[in-house]
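*Asks:* Can you look at this prediction? I've put the sequence above it.
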Amino acid sequence: PRRASKFVKEVSRAVDDVDPLVPEQERLVVPTSGEVRDVTGSLGWRRTVVVGSLSGLIAGALLLFVAHPLSNTAQKPVPDVVGVKAEKQCSKAGENCKHTKCCQASGAQCFVKDKNWATCRGECSPGLDPTDPEPQKWSCLSLGQRSPGTFYGGNPKPAKWVAQKCANTSVSCLDAGCCKDAGHACFVKQKGYAQCRPECVPGPDPTDLDDHPWLCQQVGGRTPGSAAHWQGKTADWVEDKCSLFNESCKESRCCKDPAHACFAKNKEYARCRTHCSPGMDITDSGDWKNWNCTQLGGRTPGTMDPPHAQYLAPWVKEHCSDMSENCAKTKCCKDRTTQCYEKFPGVGQCMYKCLKGQRDWSHHRQCASEATSNTSEMCKYDGKTWTCRELGPRTLRPWGWPSMFCLHVMRLHSYEAALVKEQLKKDGRFQGGIFNCDQFAVYAHDTADGTYLGDGPYGPVRT
């Protein structure tokens, strides 16, 4: 026993010579199994000295295992080792995450309030937080990475101090840094002035007193609740300084027509539109380049006009793909009411609809007759299911003259539903029924709005 004890001390002294900075409690730990373990985290080495005792007069024997790197050895967990640090646990909602720098809740991010406190939340705007019990500013510095998933923050309520300390919509909120009204936040227009608003789009606001653009920098958090629906009056300066729907609005960044807003296609061009979907626009007479759809200013109040007649741009017939061609590169189709669907990465086909789960057996016989080691792109996806990812927009069906709008009132739980669904099975060849009209709508009183009926000439048809 004395020799064993002496030898252990010599081993410990040798480890000290290798790395004197490693504390003893992190090197020598004694579990209940009787092993003496050396854990040197900075070097990544592990030495295990097993001390065994033999009964009777036999002296204690000491077995020394050759040291080897941890990276080359399969490690087993040692739950009973004293002194080994436990794996870092992320913080729960309401806990201080300043040291863990991670959150357990889905979609949550650790944000700093001050030097002593940080907590997990979905979003954070520097300044006062109307849900905080104390009116103290947040720095909103993010620590670590956001946890995956979607954040759900429940239904928070404004703190008691909000009603006394915060501003209303009629005064500048720059000094207060918060808003009384539900669903509002304080946004900066220009240096020296800010206002409580439910939303803010950088650029001119057609309801504002002048055409000076808004910076829309948010000061502090948004007050919980839903903002009351409010639509301002179009200012007098809009008629003189804003653009029409068929004009470029890159310079004015605002629109004369009701319900229109200025959307950017790229750095060189922008146009007034009622809506904008990022990507290719097959009604754009300019070219097939994608729109980024950045909104450059506020939307002009009012109700939008009835739908305009649909016309395809001249370049569609030349640039887009036929139903027999691969449309993965063009991302558009020549035939009306067709959509480019992805078959597998790099390959697409123009079709009226795509059923997820359908398998591709188009080259099965040829691929089966070839060697099993064939790795060609054609055979790589033989028998695999389609992704059915939509590539680009669906090709419009040009309107006739005069244009027609048709509607159908039905009961979903009756024979009428079968008739409607049978019409939709005609794919793009709609020769009868309401789906041959230029625009259409289906109403049903015994089902929720948005119930899917099938794919029509413009995509999914819903009640």
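*Replies:* Arrived safely, thanks for sending. Numbers count the residues shown, from 1 in each chain.

*Asks:* Grab the nearest non-local neighbour of the residue nearest the centre of the chain.
*Replies:* Residue closest to the average C-alpha location in the chain (C-alpha atoms, centre = their mean): Thr150, at 8.7 Å. Once flanking residues are discounted, Thr150 sits nearest to Gly107: 4.8 Å by C-beta to C-beta, 6 or more residues apart in numbering. In short, each C-beta sits where N, CA and C put it, glycine included.

*Asks:* Quick check, the one you found in contact with Gln145.
*Replies:* No. The pair Gly107 / Gln145 is not scored as a contact, 11.6 Å apart, by C-beta atoms under 8 Å.

*Asks:* between the two, which one's more packed in?
*Replies:* Gly107 (17 against 11; other C-beta atoms under 10 Å).

*Asks:* Report whether the expected contact of Ala441 with Val420 is present.
*Replies:* No. In this structure, Ala441 is not within contact of Val420 by C-beta under 8 Å, at 12.0 Å.

*Asks:* related to what we said a few turns ago, any idea which helix or strand carries the residue nearest to Thr150?
*Replies:* Assigned by DSSP states H and E, Gly107 falls within no helix or strand.

*Asks:* distance of it from Asp287?
*Replies:* Separation of Gly107 from Asp287 (C-beta to C-beta, to the nearest Å) stands at 39 Å.

*Asks:* before we move on, what about Ser252?
*Replies:* Following C-beta to C-beta, the distance that separates Ser252 from Asp287 is 23 Å.

*Asks:* So those two - more neighbours on which side?
*Replies:* Neighbour tally, Ser252 and Asp287, criterion other C-beta under 10 Å: the higher count belongs to Ser252, 22 against 12.

*Asks:* residues in contact with the nearest residue to Lys98 once chain neighbours are set aside?
*Replies:* With sequence-adjacent residues excluded and distances taken as C-beta to C-beta, 6+ apart, Lys98 is closest to Ala118, at 4.2 Å. Taking C-beta atoms under 8 Å, 6 or more residues apart in numbering, we find Ala118 in contact with 96-98, 110-112, 143.

*Asks:* same check, this time on Gln190
*Replies:* Counted by C-beta under 8 Å, 6+ apart, Gln190 has contacts 212, 214-215.

*Asks:* So which of the residues you listed wins on neighbours?
*Replies:* Taking other C-beta under 10 Å as the neighbour criterion, Trp214 ranks highest of the contacts of Gln190 with 22 neighbours.

*Asks:* close enough to count as contact, it and Glu199?
*Replies:* No. Using C-beta under 8 Å, Trp214 is not in contact with Glu199, being 10.8 Å away.

*Asks:* Find the residues that touch each one of these two.
*Replies:* Joint contacts of Trp214 and Glu199 (C-beta under 8 Å, 6+ apart) do not exist.

*Asks:* low-confidence ranges in the protein?
*Replies:* Scanning the chain for pLDDT under 70 picks out the ranges 1-88, 306-309, 356-384, 426-432.

*Asks:* quick one: the helices in it?
*Replies:* Using DSSP state H, the helices of the chain run over 2-18, 24-27, 162-165, 238-241, 316-319, 364-369, 377-380, 415-424.

*Asks:* in the fourth one, what's buried?
*Replies:* Meaning helix 238-241. Within helix 238-241, the residues scored as buried using 16 or more other C-beta atoms under 10 Å are 238, 241.

*Asks:* Look up how far Ser277 lies from the nearest residue to Gly203 once chain neighbours are set aside.
*Replies:* Spatially, and ignoring its direct neighbours in sequence, Gly203 is nearest to Gly297 (3.1 Å; C-beta to C-beta, 6+ apart). Separation of Gly297 from Ser277 (C-beta to C-beta): 19 Å.

*Asks:* So which of those two has more stuff around it?
*Replies:* Higher neighbour count among Gly297 and Ser277: Gly297, with 25 against 11, using other C-beta under 10 Å.

*Asks:* from what I can see the more buried one touches Pro204, true?
*Replies:* Yes. With contacts counted by C-beta under 8 Å, Gly297 reaches Pro204, the gap being 4.6 Å.
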